[in-house]
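Trainee: Sharing a sequence plus its predicted fold:
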Amino acid sequence: MSAEPRLAEVTDPEPARQAAPGSDQAVKETLEDYTLRFAPRSYRRWTPMVVATTALGGIAYMADFSIGAGIGLAHGTGNALLAIAVAAVVIFVTGFPLAYYGARYNIDLDLITRGSGFGYFGSVLTSVIFASFTFIFFALEGSIMAQGLKLGLGLPLWLGYLVSTLMVIPLVIYGMTALSKLQVWTTPIWLLLMVGPLVYLVATDPGTVDRFLAYAGTDGEGGVNTASVLLGAGVCLSLIAQIGEQIDYLRFMPPKTEENKQSWWTAVVMAGPGWVVLGALKQAIGVFLAVYIIAEVGPAAAPEPIQQFKHAFDAMMPSWIVLPLAVALVVISQIKINVTNAYSGSLAWTNSFTRVTRRYPGRMVFVLVNLGFALALMEADMFSFLNGILGFYSNCAIAWVVTVATDIGINKYVLKLSPHAPEFRRGMLYAVNPVGVVAFVAASGLSIAMYFHALGDTLQPYSPVAAAVIAFVLTPLMAVVTQGRYYLRRTDDGIPEPLLDEDGNPSAVVYECHVCRQRFERPDVAACRTHDAVVCSLCLSTDKVGDHVLPEAPAVA
């Protein structure tokens, strides 16, 4: 393209809106969520702290209490606390570069993954992994809520599963606007109900701390050993993909400037990798509460959060209010996280479907798909084999997140073989980049084989370590072998205007897409192959015959 595409005249402060091919409902969803695309500056009107609060509200889930309790009951307090700490360190270190890229360049984890070693179609693999994460944890939280409804209202479990699934649909339809209000208003109540009973128990009965620290687990040995720590860490590391849900909020961060850089960085660290600090504390609390109620209820009920908090509230309050408060805590927690699970899962499914079929059916379709998978898992009683599911899943999640984090940290900043600014637009990327795909497939495949004892019983606990190490080693190795050849299909998108402004933030200059006739900011458009105009990223994704997709061009070294 020799001529500069037409710049739209901006006459109002409203964001450039997307009119994607499809129904009116699909258009409405895309306007709210900027599905499959860069989130424009004109839409990102929240302060850093509001975005951070909204993002952290999504980690109010009760699964941490169950995960911590399960590890503690099996391996003892010492092994459980070490496992939780090991997993937290890995999650924080790998989550930081991903959170930074999401907040700095205003794109979700799928778009980051495309340009960080996987390619335009290669990241469909990881989108499915992430979507699986959302419905697995939706099912887990729904199961916990159903336990609360059974105890508090006498609802049978199957009905509780259905109620916990259907109640989130109205909340998740409206995307970021509704979610930000929900999370901000419910977080203080949730924190009070969670922390209050723990503080009371420790203050009034210091012996609970001694019993907690001395608990030896079901094997009765109580000593710290590597295998137990790694098995426990493997279960905790299933949560490594949570950074994807955090980024679904962090992509709405305002531009980083000299005036807001302190609050900007605080919000990114706190709501990005920092989520795991609160997550690890909840897992440790889960061990504590499980040990506390073993004598009263027995080990069978100890991993159930509703039982944990019922007995904790019972120690500090009149009996008539105990059960309502415990049920309220479980219900609030389930709603806070499962609207996020349904929201993020629908984005992941939509991303994959649109790229493969080149058709955008509307995000609501995949809200229902995700909820259907979750309901099926709940009805299959996934809670009874929770640790097995999470231990297996963590191998795939670790391989993916470590591959992308390594590509950002090593390949972009150290080796400089991966393009510094993330790219996600069709036509600019190769379909598949062997750097990330090979590293991910090798790491996840070998670690899963280890998890299922294919390489012997001795190596089985080390499967999460193998997933992380293989991904960390192969990602830069593949970049060196390929010399970064498969990152960019072309380096010039045909638009003279720079992608980034003078502060390094995505440019806010607005262009008009000649296909949908809507206005979009600079990072979301590319020049058209057949017209002297620009095309938005979603119209490029849904171009069935490739009329608008720029041809391949030699990459500039």
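Mentor: Arrived safely.
Trainee: Without its sequence neighbours, what residue ends up closest to residue 533?
Mentor: In space, and not counting its chain neighbours, residue 533 is closest to residue 514: 3.7 Å by C-beta to C-beta, 6 or more residues apart in numbering. Bear in mind the C-beta positions are built from the backbone N, C-alpha and C, glycine included.
Trainee: What about the one you found, how many residues nearby?
Mentor: 18 (other C-beta atoms under 10 Å).
Trainee: now swap in the one 3 residues further on and tell me
Mentor: Close neighbours of residue 517, defined as other C-beta under 10 Å, add up to 9.
Trainee: Likewise for the one 5 residues further on?
Mentor: The criterion is other C-beta under 10 Å. On that basis, residue 522 has 23 neighbouring residues.
Trainee: any idea which helix or strand comes after the helix or strand hosting residue 97?
Mentor: For residue 97, the host element (DSSP states H and E) is helix 77-105. Next in sequence after helix 77-105, counting helices and strands by DSSP H and E, comes helix 109-113.
Trainee: so what does that next one touch, helix or strand wise?
Mentor: Secondary-structure packing of helix 109-113 (3 or more C-beta pairs under 8 Å, 6 or more residues apart in numbering; DSSP states H and E): helix 77-105, helix 124-153, helix 242-250, helix 319-357, helix 386-406.
Trainee: hang on, the earlier thing: please state the offset of the helix holding residue 97 from the chain centre?
Mentor: Relative to its chain's centre, helix 77-105 lies at 12 Å (C-alpha atoms, centre = their mean, to the nearest Å).
Trainee: Go through that helix and flag the buried ones.
Mentor: Across helix 77-105, burial judged by 16 or more other C-beta atoms under 10 Å covers 77-88, 90-92, 94-105.
Trainee: In terms of secondary structure, what does it contact?
Mentor: By 3+ C-beta pairs under 8 Å, 6+ apart, helix 77-105 packs against helix 63-75, helix 109-113, helix 207-214, helix 226-236, helix 242-250, helix 261-271, helix 275-297, helix 386-406.
Trainee: at 6 Å what do you get?
Mentor: helix 63-75, helix 226-236, helix 242-250, helix 275-297, helix 386-406 (3 or more C-beta pairs under 6 Å, 6 or more residues apart in numbering; DSSP states H and E).
Trainee: what's the average pLDDT for the fourth one?
Mentor: For helix 275-297, mean pLDDT is 87.
Trainee: just the third one next, same as before
Mentor: Averaging the model's pLDDT scores along helix 242-250 yields 89.
Trainee: Give me the angle between that helix and helix 386-406.
Mentor: Per axes from the mean of the first three to the mean of the last three C-alpha atoms, to 10 degrees, the angle that helix 242-250 makes with helix 386-406 is 60 degrees.
Trainee: Adjust the sequence numbering to begin at 7 for everything that follows.
Mentor: Will do, 7 is the new start, and the previous item becomes helix 248-256.
Trainee: centre of the chain versus helix 248-256, how much separation?
Mentor: Centroid separation for helix 248-256 versus its chain: 5 Å, with C-alpha atoms, centre = their mean.
Trainee: That one - contacts with which helices or strands?
Mentor: Applying 3+ C-beta pairs under 6 Å, 6+ apart, one finds that helix 248-256 contacts helix 54-63, helix 83-111, helix 325-363.
Trainee: can these go into a markdown table with extra columns for mean pLDDT and distance to residue 424?
Mentor: Listed next are those as a markdown table, based on pLDDT from 0 to 100; distance: least, C-beta to C-beta, whole Å:
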| stretch | mean pLDDT | distance to residue 424 |
| --- | --- | --- |
| helix 54-63 | 84 | 26 |
| helix 83-111 | 95 | 12 |
| helix 325-363 | 81 | 21 |
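Trainee: Same list, the ones you listed, but as a markdown table with distance to residue 260 please.
Mentor: Formatted as a markdown table, these follow (distance: least, C-beta to C-beta, whole Å):
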| stretch | distance to residue 260 |
| --- | --- |
| helix 54-63 | 7 |
| helix 83-111 | 9 |
| helix 325-363 | 21 |
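Trainee: Helices of the stretch 407-556 of the chain, residue ranges please.
Mentor: Taking DSSP state H, counting those that start in this stretch, the helices of the stretch 407-556 of the chain run over residues 440-457, 469-488, 543-547.
Trainee: among these, which is the most enclosed?
Mentor: helix 543-547 (a mean of 25; mean count of other C-beta atoms under 10 Å).
Trainee: Need the mean per-residue confidence for that helix.
Mentor: 89.
Trainee: repeat for stretch 507-515
Mentor: Per-residue pLDDT values over stretch 507-515 give a mean of 90.
Trainee: what's the model's confidence in stretch 461-473, averaged?
Mentor: Stretch 461-473 comes out with an average pLDDT of 89.
Trainee: Distance from the chain centre to that stretch, please.
Mentor: 25 Å.
Trainee: hmm, who's touching that stretch?
Mentor: Outside stretch 461-473, the residues that touch it by C-beta atoms under 6 Å, 6 or more residues apart in numbering are 233, 236-237, 240, 243, 400-401, 404-405, 449, 452-453, 456-457, 459.
Trainee: What is the end-to-end distance of it?
Mentor: Stretch 461-473 has its terminal residues 14 Å apart, counting by C-alpha to C-alpha, to the nearest Å.
Trainee: do stretch 497-507 as well
Mentor: End-to-end span of stretch 497-507 (C-alpha to C-alpha): 18 Å.
Trainee: Name the residues of it that are buried.
Mentor: Under the neighbour-count criterion of 16+ other C-beta under 10 Å, stretch 497-507 has 499, 500, 501 buried.
Trainee: likewise stretch 246-258?
Mentor: Within stretch 246-258, judged by 16+ other C-beta under 10 Å, the buried ones are 246-258.
Trainee: Specify which member of those residues is nearest to residue 291.
Mentor: Closest approach to residue 291 among the buried residues of stretch 246-258 (C-beta to C-beta): residue 248, at 17.5 Å.
Trainee: Could you check how far the closest one is from residue 262?
Mentor: Relative to residue 262, residue 248 is positioned 23 Å away (C-beta to C-beta, to the nearest Å).
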